[in-house]
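[1] Prediction below, plus the sequence it came from.
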Amino acid sequence: MQEMAQDAIIVRGARVNNLKNITFSIPIERLTVVTGVSGSGKSSLAFDTIYAEGQRRYVESLSAYARQFLERMDKPEVDEISSIPPAIAIRQKNSTRNPRSTVGTQTEIYDYLRLLFARVGTTICRVCGRAVHRDSPESAAAETLSALPEGTRFYVLFPADAGLYLEENGANRPRARKKVSRDEALSANAVKAHVMSLMQRGFTRFRRGAETFELRTPEDYNLPDFNGVYVLVDRLVARADARGRLVDSLETCFREGHGTAIIETVEPEPRFLRFSERFECKYDGTVYAQPEPRLFSFNNPYGACPTCQGFGNIIGLDLNLVIPDPSLTLEQGAIEPWTKPQFDWARDELRRFCRAEKIPMNVPFNELTRAQQRAIIEGKGEWGGVRGFFDWLETKKYKLHVRVFLAKYRGYTVCPDCGGGRLRQEARDVRVGGKTLPEVCALSIKDAAAFFNSLQLTPEQSAIAERLLLEIRSRLQFLIDVGLEYLTLDRLASTLSGGEAQRIQLATSLGSSLVGALYVLDEPSIGLHPRDSQRLIRLLQNLRDLGNTVLVVEHDAEMIRAADHILDIGPAAGELGGQIVYEGNYEGLLRHPTSLTARYLRGDLEIKEPKQRKKPGKRKLQLRGASEHNLKNIDLDIPLDLLVCVTGVSGSGKSTLVYDCIYAGLKKQRGEWQGPVGAFRRLDGGQYLDDVVMVDQSPIGRTPRSNPVTYIKAYDAIREVFAATREARAQGLDPAHFSFNVPGGRCDVCEGSGTVTIEMQFLADVELVCEECKGTRFKQHILDIRYRGKNIHEVLNMTVREALLFFRDVPKITSRLRVLDEVGLGYLRLGQSATTLSGGEAQRVKLAAHLAKKTGSHALYIFDEPTTGLHFDDINKLLHAFRSLIEAGGSLIVIEHNLDVIKAADYIIDLGPEGGEAGGHVVACGTPEEVARVDRSHTGRFLRAHLARVKAEFFERRERVDEFEETHSI
């Protein structure tokens, strides 16, 4: 153990989870990487010890009132932690479910955009297309004198009916006292009263058309109303020295004319200039809402689109559900609801309509012309069409069965009013740089950065927007630096992957310019292409250089190399982990003799590519014309019976291709998919597959009773073993009595979960150990049954490796448990709650379950970044498991950025070349060696360097270590 630094977080005697009473230090204002095999205790050290204590102390420093709104943190099991700053955790998890939350709102960029549009936005009249702005006497005078040639004589006027009628402003509220409606005829008394009011205020001269007339008494006004009549305030000549008098006259017009002033030139063909102190178009009088920040908030009723309430979509008729398979003809039942017997009459009407309109019934719906499709859906003439049919059903929805029927064809569709922009029309009338706020948010982050970097503003606007633009540009750049340039600002936060959500939090943290904090991150490199790794490292170093302490749980070799300080936890997983194997800098780690991490970094151990790659055979999937999202109408042949890797930079279209097109398309063909399917012309080859399985990182269960041993079906055999003991048979117990999922042997108080939840009304619920069973889950007479000296509770507390040894004579159990160990999960406890498993662990449990079947069926297994949370050694085990699946008859498609997995693939499909709109092309296909030769491929370039790594690099690294040892006299 090296000597503790003075300016460091000192931890003594940490015993959380599997940590073995360890003592270590984390330098302040440095980048520290925690590494080690999966399950060695990295998260226990970083999150359950360091972060938990930092957060707990910060919360305790707050008032009792503030603490009631924050998460209650228990004190971690540790002797002492000193010098710990307030802690912020940025986890590899997307917990956002709010449908209003977007990338823009999460990064606070949207808040700055609202201010920018409110302060310097230009409202464009939706009638005439001219700019709308509020005039002042000074601005109106300046515009008048600049617009008129010097010496031009002109009148200064305001409408004579100002204040007479009910006027309304943009918010639909009365602006003046109601005297009479414009729809009502004016009585002679009303006209006379209004003229008297004007004369009492000193206005006796009026203009109508080209005529000027002056009144001496109200009775001199002989017109029935005030249409086209203006009050003459002043007569002037356009000269520089007339500015002061003109400003005074315009002030009078704005005050007496209810915000309106008119300039009329004294010419045979007079020109008119109209000015308004109200926020309205001076050319057509359309009134607009004054831009203010709340007008641009879709979370505020004032700014949200009234139709969709700011969500951007509405629940309505979903044509994808009405016509789920457009390749069917109308005769074959392309319109699904009309295939029901009770609506045969609607189908008969369709036939009559198609006969009359000469629309073929035997042509696939997607091959009909747009006009023909529109006529069938929207209706034509007396034919109501599909929409008319559903409108008719809406009138019958007081009947339960009709409501149920309608619900089957409802879905979220883009709001017809705001077009998905979420804001009301008045907000969408405002533009900056020629774009509305929804249009700016629809740009990719890369395009948005280019837009704001080239934005041209007037000097006055620049002075107002300088600070706002600085924040917007810097935050957009932070998002680019973490490899998220392909996202759009209006992307829903709930649709982000865990890695994307974590990097957004990281970019937001940089934007907040917080100093003196402790940031704890969980594998920020997840989902990041090797091209972007260096940018991420620079970002973390910038966070450190601001004056923060950065603690990162990471397996990436580049990240480990860039660390100021390294903690290697191990030596193995579970009970064999929890110790500090190494603490120090990178060069010191390289010379450590026993560290598993060091042995991989040195090259003593390596993840080798297969000696002979499997070659593609005749069995393959053929995808044609894939054009979903950013895919560019691509054609692909995907060989089966191989390990196929789909690669590419973030946002290049990998998930769209694999999940939306291949997985959903194959499931749809098998009748196992109800949701939308990605756009493509054809997908062939599904007949070669017995099953299609998505092995994702979703939880294996959502209750504390779900656990790995039940998921892989090993617990059934364990229960049978206990039920077969002499004591169990004597008491008449069967395997069901040893289940915590059904009544019988389980504890009746906690129902087999081992804990009870106490509802605290206005505070967070508290979970306590069950007092009846003391957390054992079972009744006492069940716990009295023992097999080889252990009861069922003690067996469930065993790790997988311990259980393999314990049940070594029961092949039915060990055959299933062994696959958990083979995928690197030997450290898990048999009864460990599924809710405590990480996404990577859940994915490997699912992989183990499929390995345990070994049925020899030709199934297609799809994985999305299976190396999440895996150490080099765990990746080795994972690749062995992949080969076992293939040998059992399976085919694998793996989305992956990890070069060790990519180089081990039999076949690679590389998408790109960039993310977002610049992606969606097939850049390269073939073996790793073939892809490595493609210069246009980012993956190929990094793969080439990875494959070319030879012993010379190893010796060079050893020479650096020897030089380091000599310099430091080691």
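    Great, that's in hand. Note that the structure is predicted; figures quoted are calculated from it, not measured. Numbers count the residues shown, from 1 in each chain.
[2] can you give me the strands in the stretch 751-900 of the chain?
    755-758, 766-769, 859-864, 891-895 (DSSP state E, counting those that start in this stretch).
[3] Could I get these in CSV, plus columns for mean neighbour count?
    Bear in mind the C-beta positions are built from the backbone N, C-alpha and C, glycine included. Converted to CSV, these look like this (neighbours: other Cβ atoms under 10 Å):
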stretch, mean neighbour count
strand 755-758, 12
strand 766-769, 12
strand 859-864, 22
strand 891-895, 24
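[4] Relative to residue 702, which of the ones you listed is closest?
    Using Cβ to Cβ as the criterion, the shortest distance between residue 702 and those is 14.2 Å, found for strand 755-758.
[5] host element of residue 635?
    strand 634-639 (DSSP states H and E).
[6] Who does the following helix or strand past that strand pair with, and is each partner parallel or antiparallel?
    Following strand 634-639 in sequence order, the next helix or strand is strand 643-647 (DSSP H and E). Strand 643-647 sits in its sheet next to strand 891-895 (parallel), strand 907-912 (parallel), going by DSSP bridges.
[7] surely residue 534 meets residue 558?
    Yes - assessed by Cβ atoms under 8 Å, residue 534 is found in contact with residue 558 at 7.0 Å.
[8] If we go by neighbour counts, what in the top strand by length along the chain is buried?
    Secondary structure of the chain per DSSP state E: the longest strand is strand 229-237. Using 16 or more other Cβ atoms under 10 Å as the test for burial, strand 229-237 gives 229-234, 236.
[9] For the protein, which residues score under the pLDDT cut-off?
    The model of the chain has pLDDT under 70 over residues 1-6, 69-73, 93-95, 165-185, 760-766, 854-856, 949-970.
[10] tell me the domain ranges of it?
    8-94+497-600, 134-282, 313-414, 620-698+865-951, 708-834 (automatic domain parsing).
[11] Residue 484 is nearest to which of those?
    Among these, domain 8-94+497-600 sits nearest to residue 484 (Cβ to Cβ), with 5.8 Å.
[12] How far does that closest one stretch from one end to the other?
    29 Å (Cα to Cα, to the nearest Å).
[13] re earlier: and the strand holding residue 635, how far out from the chain middle?
    Centre-to-centre, strand 634-639 and its host chain are 29 Å apart (Cα atoms, centre = their mean, to the nearest Å).
[14] what kind of secondary structure is residue 24 in?
    strand (DSSP: H, G, I helix; E, B strand; the rest coil).
[15] Identify the bridge partners of it.
    residue 11.
[16] That one and residue 666, how far apart?
    Residue 24 sits 50 Å away from residue 666, going by Cβ to Cβ, to the nearest Å.
[17] can you give me the strands for the stretch 151-300 of the chain?
    153-159, 205-208, 211-214, 229-237, 260-265, 272-276.
[18] how many neighbours does residue 419 have?
    For residue 419, the count of nearby residues is 13 (other Cβ atoms under 10 Å).
[19] nearest spatial neighbour of it, skipping sequence neighbours?
    Distances taken as Cβ to Cβ, 6 or more residues apart in numbering put residue 438 closest to residue 419, at 7.7 Å, once the chain neighbours are dropped.
[20] any idea how far the one you found lies from residue 312?
    Distance from residue 438 to residue 312, by Cβ to Cβ: 9 Å.
[21] These two: which has the busier surroundings?
    Neighbours were counted for residue 438 and for residue 312 using other Cβ under 10 Å; residue 312 has more, 24 against 21.
[22] coming back round to it: so can I have CSV of the strands of the stretch 151-300 of the chain showing distance to residue 120?
    Shown next, in CSV, are the strands of the stretch 151-300 of the chain (distance: least, Cβ to Cβ, whole Å):
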stretch, distance to residue 120
strand 153-159, 30
strand 205-208, 38
strand 211-214, 42
strand 229-237, 33
strand 260-265, 25
strand 272-276, 20
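[23] Of these, give the one that comes closest to residue 907.
    strand 272-276 (68.3 Å).
[24] Which positions within the next helix or strand after the closest one qualify as buried?
    Following strand 272-276 in sequence order, the next helix or strand is strand 313-317 (DSSP H and E). Residues of strand 313-317 classed as buried by neighbour count (16+ other Cβ under 10 Å): 314, 316-317.
[25] ranges for the helices of the stretch 651-800 of the chain?
    Here the stretch 651-800 of the chain has its helices, by DSSP state H, counting those that start in this stretch, at 654-655, 664-669, 708-711, 715-723, 726-730, 780-783, 792-796, 800-806.
[26] what packs against the longest one?
    Under the contact criterion of 3 or more Cβ pairs under 8 Å, 6 or more residues apart in numbering; DSSP states H and E, the helices and strands touching helix 715-723 comprise helix 792-796, helix 811-822.
[27] Adding mean neighbour count and distance to residue 348, write those out as CSV.
    Below are these laid out as CSV (neighbours: other Cβ atoms under 10 Å; distance: least, Cβ to Cβ, whole Å):
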stretch, mean neighbour count, distance to residue 348
helix 792-796, 21, 63
helix 811-822, 20, 58
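[28] so which of those gets nearest residue 115?
    helix 811-822 (53.6 Å).
[29] contacting residues around that closest one?
    Helix 811-822 has contacts (Cβ atoms under 8 Å, 6 or more residues apart in numbering) with 708-709, 712-714, 717-718, 721, 800-801, 803-804, 807-808, 826, 828, 845, 848-849, 851-852, 877, 880-881, 884.
[30] run the last query once more with 6 Å
    With contact meaning Cβ atoms under 6 Å, 6 or more residues apart in numbering, helix 811-822 is reached by 712, 714, 717, 800, 803-804, 807, 848, 851-852, 881.
[31] can I get those residues in a markdown table with distance to residue 217 and neighbour count?
    Listed next are the contacts of helix 811-822 as a markdown table, based on distance: Cβ to Cβ, whole Å; neighbours: other Cβ atoms under 10 Å:
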| residue | distance to residue 217 | neighbour count |
| --- | --- | --- |
| 712 | 103 | 23 |
| 714 | 107 | 27 |
| 717 | 111 | 19 |
| 800 | 106 | 25 |
| 803 | 110 | 27 |
| 804 | 113 | 17 |
| 807 | 114 | 21 |
| 848 | 102 | 25 |
| 851 | 105 | 22 |
| 852 | 106 | 19 |
| 881 | 104 | 18 |
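[32] closest to residue 42 among the residues you listed?
    Set against residue 42, the nearest of the contacts of helix 811-822 by Cβ to Cβ is residue 800 (19.0 Å).
[33] mind listing what's buried in the longest helix seen in the chain?
    The single longest helix within the chain, with elements called by DSSP state H, is helix 459-481. Buried residues in helix 459-481, defined by neighbour count with 16+ other Cβ under 10 Å: 461, 465, 468-469, 471-473, 475-481.
[34] cool, stretch 696-710 as well?
    Buried residues in stretch 696-710 (16+ other Cβ under 10 Å): 697, 700-701, 704-710.
[35] can you check stretch 657-670 too?
    657-669.
[36] Columns distance to residue 792 on top of these, output as a markdown table?
    Below are the buried residues of stretch 657-670 laid out as a markdown table (distance: Cβ to Cβ, whole Å):
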| residue | distance to residue 792 |
| --- | --- |
| 657 | 46 |
| 658 | 41 |
| 659 | 40 |
| 660 | 44 |
| 661 | 47 |
| 662 | 43 |
| 663 | 39 |
| 664 | 42 |
| 665 | 45 |
| 666 | 41 |
| 667 | 39 |
| 668 | 44 |
| 669 | 44 |
